[in-house]
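Trainee: fold the stuff below for me.
(one chain, ligands or ions: 2)
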Amino acid sequence: MPNEKETSKAKELQEKLFMKKKNSGLIMSETELETADKFCDGYKRFLDDGKTEREAVKAAIALAEKAGFSEFDSGKKYGAGDKVYMNNRGKALILSIIGKEDIEKGVNILAAHIDSPRLDLKQNPLYEDAEMAFFKTHYYGGIKKYQWPTVPLALHGVIIKKNGETIEVKIGEDDNDPVFVVTDLLPHLAEEQMKRTAPKIITGEELNILIGSRPFRDDKESDLVKLNIMNILFEKYGIVEEDFLSAELEAVPAVKARDVGFDRSLVGAYGQDDRVCGYTALMATLDQKDVPAKTVVTVLTDKEETGSDGNTGLQSSYLEYFICDLAEAAGKNGRHVLSASKCLSADVNAGFDPSFPDVLEKKNCAFVGKGTCLTKFTGSRGKNGTSDASAEFVGYVRSIFDKNGIIWQTGELGKVDLGGGGTVAKYIANLDVDTIDLGVPVLSMHAPFEITSKNDVYMTYKAFAAFIK
Ligand code: MN
Ligand code: MN
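Mentor: Ligands and ions are numbered 1, 2, ... in the order given. Just a heads-up that it's a prediction; the model follows:
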């Protein structure tokens, strides 16, 4: 048995040598907790205003213009403190504040994505069966398909008519709007369905959205329910069936962002992956009071959930082109700017869920309420597909957080042999930029209703602000 003196020596050493991670609710002051709650009121509004990438771009531009940002002109010369934005096809956005330092010393990049998993309408979606009308869908991003039936859905998107006119659609969000829904089988008749494996409990071709049941009043023709729906759509939008061919219509949960819990400590909403990092990165950029030393480049990108391909995703060159434009306007070489740049790839990570403890390794996963989550590497099975930030860069970021009172933790995407995933980090790192993932731990990620901690949301905002100031 060690005597009392030795025990206290051990305790002293433990204090000195062991890592301690406390719940943010024990570290933050009352005032800061209130600030976090208030910050999340704005966050919830942003979630409700921007349920698709297009709407999120619009909402972000509205906030940016209020904060003095104007549209970027690649031919123009900009000076320190100038604030610009570049709208990429209405689906992705870059915001920039020109810094005081020579741009060749690099820029500070924040990169979040504003697309979220959902049900996209197919190009020829409308049909009638058993005298009900439906839309065919193809889901977007990685969803558990069984989570989407019996959830009230709203329809958002655009239709480009034959004459080129754009029709904007948003139905199901107002309390007086109708909503739409994917149906599911009653348990009494689901014996065979329940024997299917989970990915097939509802198959992709069963994710059909119910949109009506009343026939057009005429006894002679067929497909009268479909006709009645098409007639309503023609009267409301002036569209004919063929116009669906040039439409992007997205069915998303018709649920507003809400406080969760008796203590209101959590935010529950659709699309928090990754609009939580979109909003926190956006606000960290808009709220910069002083002209930053380095030029800030904040990207809200599209297409992350389907692999970042396409001209609005970060595998395309639009971010690189923008930075090169900034460099050229300053008479510098874009390549040199990129090589000297640093990036926080702003994306969510899995929060530990005690109902499913087996998938995460508790010493290295992120916990809800323990602050913003720094993820050195993503990928899976032997770190496959990760850009893996360097120790030097982790050290750099860590010292910024500690100097600025950021409550933070580290995370990983699941147990080593289990799963994994990726973010946009590697596409930015591939431009020769030092990059690491930072974001909010989420429960029920990719579900119609995802959960985050208000403290973590606020700490993520503070972390972004500290990184770019
Ligand atoms: Mn994400
Ligand atoms: Mn995701």
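Trainee: count of residues packed around whichever residue of the stretch 1-150 of the chain sits closest to ligand 1?
Mentor: Closest approach between the stretch 1-150 of the chain and ligand 1, counting by C-beta to the ion: residue 113, at 5.7 Å. The C-beta positions use only the backbone N, C-alpha and C, and glycine is treated the same way. Counted by other C-beta atoms under 10 Å, the residues lying close to residue 113 total 29.
Trainee: try the one 4 residues further on
Mentor: The number of residues packed around residue 117, counting by other C-beta under 10 Å, is 23.
Trainee: likewise for the one 5 residues further on?
Mentor: Other residues within reach of residue 122, judged by other C-beta under 10 Å, total 14.
Trainee: what sits against it?
Mentor: Applying C-beta atoms under 8 Å, 6 or more residues apart in numbering to residue 122 gives the contacts 135, 136, 137, 138.
Trainee: same deal with residue 439?
Mentor: 112, 274, 276, 277, 346, 347, 348, 349, 372, 373, 375, 460 are the contacts of residue 439 under C-beta under 8 Å, 6+ apart.
Trainee: nearest to residue 318 among those residues?
Mentor: The closest of the contacts of residue 439 to residue 318 turns out to be residue 112 (C-beta to C-beta; 14.9 Å).
Trainee: if we can go back for a sec, among the contacts of residue 122, which lie within helices?
Mentor: Nothing among the contacts of residue 122 maps onto helices, per DSSP state H.
Trainee: in the chain, what residue is nearest ligand 1?
Mentor: Nearest to ligand 1, among the residues of the chain, is residue 274, at 3.8 Å (C-beta to the ion).
Trainee: isn't that residue right up against residue 110?
Mentor: No. Under the criterion of C-beta atoms under 8 Å, residue 274 is not in contact with residue 110, lying 11.8 Å apart.
Trainee: overlap in contacts of those two?
Mentor: By C-beta under 8 Å, 6+ apart, the residues touching both residue 274 and residue 110 are residue 346.
Trainee: that older thread, how confident was the prediction at the residue of the stretch 1-150 of the chain closest to ligand 1?
Mentor: With respect to pLDDT, residue 113 scores 98.
Trainee: what of residue 199?
Mentor: Here the pLDDT value assigned to residue 199 is 93.
Trainee: am I right that it is in a helix?
Mentor: Yes. Under DSSP: H, G, I helix; E, B strand; the rest coil, residue 199 sits within a helix.
Trainee: list the residues that contact the nearest residue in space to it that is not next to it in sequence.
Mentor: Using C-beta to C-beta, 6 or more residues apart in numbering and skipping residues adjacent in sequence, the residue nearest residue 199 is residue 145, 6.9 Å away. Residues in contact with residue 145 (C-beta under 8 Å, 6+ apart) are 139, 199, 201, 202, 203, 204, 206, 207.
Trainee: now those: which count as buried?
Mentor: Buried by 16 or more other C-beta atoms under 10 Å: 201, 202, 206, 207, out of the contacts of residue 145.
Trainee: hmm, back to that, which of the contacts of residue 439 tops the neighbour count?
Mentor: residue 346 (33 neighbours).
Trainee: show me what it is bridged to.
Mentor: Following DSSP bridges, residue 346 is listed with bridge partners residue 112, residue 438.
Trainee: if we can go back for a sec, hang on, the residue of the stretch 1-150 of the chain closest to ligand 1 packs against residue 301?
Mentor: Yes. Here residue 113 reaches residue 301: they are 4.9 Å apart, a contact under C-beta under 8 Å.
Trainee: look up the residues that both of these two are in contact with.
Mentor: 314, 424.
Trainee: now the helix or strand where residue 463 lies: mean pLDDT?
Mentor: Using DSSP states H and E, residue 463 maps to helix 454-468. Helix 454-468 comes out with an average pLDDT of 98.
Trainee: quick one: it to chain centroid distance?
Mentor: 15 Å (C-alpha atoms, centre = their mean, to the nearest Å).
Trainee: residues touching residue 77, list them.
Mentor: For residue 77, the contact set (C-beta under 8 Å, 6+ apart) comprises 329, 330.
Trainee: so it lies in a helix, does it not?
Mentor: No. Residue 77 is assigned coil when assessed by three-state DSSP, not a helix.
Trainee: now do the helices in the stretch 1-150 of the chain.
Mentor: 4-17, 24-27, 30-49, 53-66 (DSSP state H, counting those that start in this stretch).
Trainee: would you mind pulling up the elements that the second one packs against?
Mentor: Helix 24-27 sits against helix 454-468, with contacts defined as 3 or more C-beta pairs under 8 Å, 6 or more residues apart in numbering; DSSP states H and E.
Trainee: list the buried residues in the helix it packs on.
Mentor: By neighbour count on 16+ other C-beta under 10 Å, the buried set for helix 454-468 is 454-468.
Trainee: which helix or which strand is home to the residue most central in space within the chain?
Mentor: Nearest to the geometric centre of the chain sits residue 274, at 1.3 Å (C-alpha atoms, centre = their mean). Here residue 274, judged by DSSP H and E, is contained in helix 272-286.
Trainee: same question, residue 405
Mentor: Element membership for residue 405 (DSSP H and E) is empty, with no helix or strand holding it.
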